[in-house]
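**Student:** One predicted model, sequence on top.
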Amino acid sequence: MIPAPMIFLALPWLAAAAVYVCRQRGWRAAEVTVAIGAALTGAALAVWLPLEAAPFLRDSFGVLGRRFVMEAADRGALGQIFLLAGLVFFGAALRPQGRFFLAAGTAALGLLAAALFVRPFLFAAIFLELAAALAVFMLADQAHPDTRGALRYLTYTTLGMPFILFTGWLVETSAANPQDPQLLTLATYSLAAGLAILLGVAPFHSWVPVVAEHAPPLATAFVTTVMRVPIVFLTLKLLATEAWLGGNPLVYNMLTLAGFAMVGLGALFVFGQQNLGRSVGYALVIEIGAVLLAIGLGTLAGVEAALAALALRGLGMWLWAVGLDELRRSAADSSFEALRGLGWRHPFAVTAVAMGMLSLVGLPLMAGFPPRWALLRLLMEQTPALAAILLAAMTSVGVVIMRGLAALTTPKSPDDVIQPEESRLGKAAFSAGVLLVLLLGAFPQWVLPAATGAASALAPR
Amino acid sequence: MTERLSSLSLPALVGVFITVAALTLTTQWRLRLAILAIQYVLTALIIAQSVIWQVAAVKAAVGLLVVVMLNLTAAEVSAARRAGEAVRAGDERPAWRRIELQTNLPFRVAALLLASVATWYLVTESGLALVDLPLELNLAAVLLIVLGLLGLGLSEEPMNAGIGLLMVLNGFELLYAPVERSLTVVAMLAGVNFGVALAVSHLALLSYAGKGASE
């Protein structure tokens, strides 16, 4: 019998090897096709693999005492990881990326799947660390040699891992010494520290704006969407399955506090930004803060809002990334000054960037709106002050987007004669992305049931 | 074997202190990598009193391979910067006098002393030490973590920051290996070390390629 988790581990690794060979041989079309094909096949298998019905499949396998188990609740996370990765890889079809971009990205998918499957859950930290080491190859390349963002990302992920692994040991020790409640308290703080570092909770958020400013936009989209899915699911799984954690009200207070800190800090810092990359970095800080606020509510509705935000954020980020990737080819960096006037030369790309960011903010009619609206309503019922702060943060990002748009559409000189210069494929992709963002904003029911399907299994008991 | 190695733990601890001090105060990559290699062997000697010696040997081997990997990167970068090296080739001073110290040396010396005192306090007074583990192991681990973090905070240059990161990982493994004895975890942590070293090598190469292009 074939262990189902093995399929999701082996498929990306085999595909990554094929992608690398294609790259070395200069077969660009094949390279992109294999990467996208592997990602979409993984997404399709995550949703439709007949785990219970097929007699040739089993749901787990073991390696030297550690088990890899695929559960129904994992399907949503797996589907999101592979689908979002497929979108990012499609962006690489529009514009060539660094030498290792597709191979490293495809291989990382196998490690992210392993992070979802491994038991005990806490060993996921090792796979997340390995995936982060691979992601470094995407975050810095010959065209983007500034290594600060990649180094910070690697550093923070590496520093987060020990806390999570120690939590596992503390929990095991506590099970052997149930008379010592101090151990579980320590485990709670250790896990909170580890997850805070991995999620980029303030003050461990500094890599996010730096990555968004210096790394290739598609790589930024990959690490801030695809790589974040297993961390959020790990958090939810632990809250749902570990009574010492999920049953502790202090944990929800900590989540709310972390969410508040991120939303407040993001709102404060994004306001003065003059750089499209850093702006989206702080918008992402606000976004992950909103997800933590949703989880911190400790309700099924909160978990649903968090999962929906996680899924729909990816589309906005992708649109921003493909648009900015196009603009960055004509500008030295992503500062408003460097991008000035490019709206005339790349109107479709600029529209994509703006719509992507507006969706990320959660503006009405955008894909990001339904989960943001749901969260605002939940917060209004419980803590209206938090809802007000979240609204202020959204406004703050909105102001920066408007300033950015003003720069993008103002020529450097009034005498400039600027002709649009976008490829047909680019125009079609940007238009399709914008249309999709608007359609999902208008008809969120198309994807929300799938995105929030695992919520009942992951809701706090 | 384990008993014989245990008798070396105190000298190894002194050695670890000397290596972390040297890593904090020097700048030359090749020298730092040689010190890092010695440090991996010394930490393996310390850990050998708490785990079976084969695991300690594996950890030493992984550390040495990591250093080899980084050394190859350093060689690659040096080749790219041959012009700079040619200037040094004319230097008549003996090798030991050519050792470069950090420009902010007084600050680093002060930080090293403070970190050492903080480590002693954390392990012996604060109650944060893992009580089931030997004092030498606790001291070496915390020292590596504290000074690794210091190194990370003081440099954004990939190779130097990477060495700091590897020191932190090494310190963590000193504490974690005796409490989590699964061979899978040993193997996965070895993978993490290789992954970090590979990523650091990639960033170091890019960093110097970028500087070369801009010069």
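**Tutor:** Here it is on my side, so go on.
**Student:** any idea how far A:Gly42 is from A:Ile36?
**Tutor:** Distance from A:Ile36 to A:Gly42, counting by CB to CB, to the nearest Å: 11 Å. Where you see a C-beta, it was placed from the backbone N, CA and C, and this is true even at glycine.
**Student:** of those two, who's got more company?
**Tutor:** A:Gly42 (27 against 21; other CB atoms under 10 Å in any protein chain shown).
**Student:** Any idea how many residues pack against A:Pro178?
**Tutor:** A:Pro178: 9 neighbours (other CB under 10 Å).
**Student:** The closest residue to A:Leu64 other than its chain neighbours: what's it in contact with?
**Tutor:** Distance criterion CB to CB, 6 or more residues apart in numbering or on different chains; nearest residue to A:Leu64, sequence neighbours excluded, is B:Thr184 at 4.1 Å. Residues in contact with B:Thr184 (CB atoms under 8 Å, 6 or more residues apart in numbering or on different chains) are A:Val63, A:Leu64, A:Gly65, A:Arg66.
**Student:** Check A:Gly91 too.
**Tutor:** A:Gln97, A:Leu218, A:Ala221, A:Trp318, A:Ala321, A:Val322, A:Asp325.
**Student:** The third one and A:Gly323 touch, don't they?
**Tutor:** No - under the criterion of CB atoms under 8 Å, A:Ala221 lies out of contact with A:Gly323, with a separation of 10.9 Å.
**Student:** Tell me where chain B has helices.
**Tutor:** Using DSSP state H, the helices found in chain B span residues B:2-6, B:9-25, B:29-47, B:53-80, B:82-89, B:105-124, B:135-154, B:158-179, B:183-214.
**Student:** Turn these into JSON lines, columns for mean pLDDT and distance to A:Thr241.
**Tutor:** Listed next are these as JSON lines, based on pLDDT from 0 to 100; distance: least, CB to CB, whole Å:
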{"stretch": "helix B:2-6", "mean pLDDT": "67", "distance to A:Thr241": "38"}
{"stretch": "helix B:9-25", "mean pLDDT": "91", "distance to A:Thr241": "39"}
{"stretch": "helix B:29-47", "mean pLDDT": "93", "distance to A:Thr241": "33"}
{"stretch": "helix B:53-80", "mean pLDDT": "91", "distance to A:Thr241": "31"}
{"stretch": "helix B:82-89", "mean pLDDT": "52", "distance to A:Thr241": "56"}
{"stretch": "helix B:105-124", "mean pLDDT": "89", "distance to A:Thr241": "33"}
{"stretch": "helix B:135-154", "mean pLDDT": "92", "distance to A:Thr241": "30"}
{"stretch": "helix B:158-179", "mean pLDDT": "93", "distance to A:Thr241": "22"}
{"stretch": "helix B:183-214", "mean pLDDT": "86", "distance to A:Thr241": "21"}
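**Student:** could you pull out the helices for the stretch 301-450 of chain A?
**Tutor:** Listed in chain order, the helices of the stretch 301-450 of chain A (DSSP state H, counting those that start in this stretch) span A:336-339, A:342-345, A:347-361, A:369-382, A:384-408, A:424-442, A:448-451.
**Student:** can you redo these as CSV with distance to chain B, mean neighbour count and mean pLDDT?
**Tutor:** What follows is the helices of the stretch 301-450 of chain A, written out as CSV (distance: least, CB to the nearest CB, whole Å; neighbours: other CB atoms under 10 Å in any protein chain shown; pLDDT from 0 to 100):
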stretch, distance to chain B, mean neighbour count, mean pLDDT
helix A:336-339, 17, 18, 91
helix A:342-345, 24, 21, 88
helix A:347-361, 26, 26, 94
helix A:369-382, 33, 20, 94
helix A:384-408, 26, 19, 94
helix A:424-442, 27, 17, 93
helix A:448-451, 31, 16, 79
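**Student:** okay, the ones you listed in JSON lines with distance to B:Leu175 next?
**Tutor:** Output for the helices of the stretch 301-450 of chain A, formatted as JSON lines (distance: least, CB to CB, whole Å):
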{"stretch": "helix A:336-339", "distance to B:Leu175": "47"}
{"stretch": "helix A:342-345", "distance to B:Leu175": "52"}
{"stretch": "helix A:347-361", "distance to B:Leu175": "40"}
{"stretch": "helix A:369-382", "distance to B:Leu175": "39"}
{"stretch": "helix A:384-408", "distance to B:Leu175": "38"}
{"stretch": "helix A:424-442", "distance to B:Leu175": "47"}
{"stretch": "helix A:448-451", "distance to B:Leu175": "40"}
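**Student:** Out of those helices, which is closest to A:Asp74?
**Tutor:** helix A:448-451 (13.8 Å; CB to CB).
**Student:** Just flag the most distant two among the contacts of A:Gly91.
**Tutor:** The most widely separated members of the contacts of A:Gly91, counting by CB to CB, are A:Gln97 and A:Trp318 (13.7 Å).
**Student:** Between the two, which has more neighbouring residues?
**Tutor:** Ranked by neighbour count (other CB under 10 Å), A:Gln97 and A:Trp318 place A:Trp318 first, with 27 against 24.
**Student:** tell me the pLDDT at whichever residue of the stretch 251-400 of chain A sits closest to chain B?
**Tutor:** Nearest residue of the stretch 251-400 of chain A to chain B, counting by CB to the nearest CB: A:Ala332, 12.3 Å away. A:Ala332 carries a pLDDT value of 82.
**Student:** Give me the distance between the residue nearest to it when sequence neighbours are not counted and A:Met317.
**Tutor:** Nearest residue to A:Ala332 in three dimensions, chain neighbours excluded: A:Ala338, at 5.0 Å (CB to CB, 6+ apart). Distance from A:Ala338 to A:Met317, counting by CB to CB: 21 Å.
**Student:** Spell out which parts of chain A neighbour chain B.
**Tutor:** A:63-66, A:123, A:126, A:129-130, A:133-134, A:136-137, A:140-142, A:145-148, A:150-151, A:154-155, A:158-159, A:161-162, A:165-166, A:168-169 (CB under 8 Å from any CB of the partner chain).
**Student:** buried set for stretch A:65-78?
**Tutor:** Within stretch A:65-78, the residues that count as buried by 16 or more other CB atoms under 10 Å in any protein chain shown are A:Arg66, A:Phe68, A:Val69, A:Met70, A:Glu71, A:Ala73, A:Asp74, A:Arg75, A:Gly76, A:Ala77, A:Leu78.
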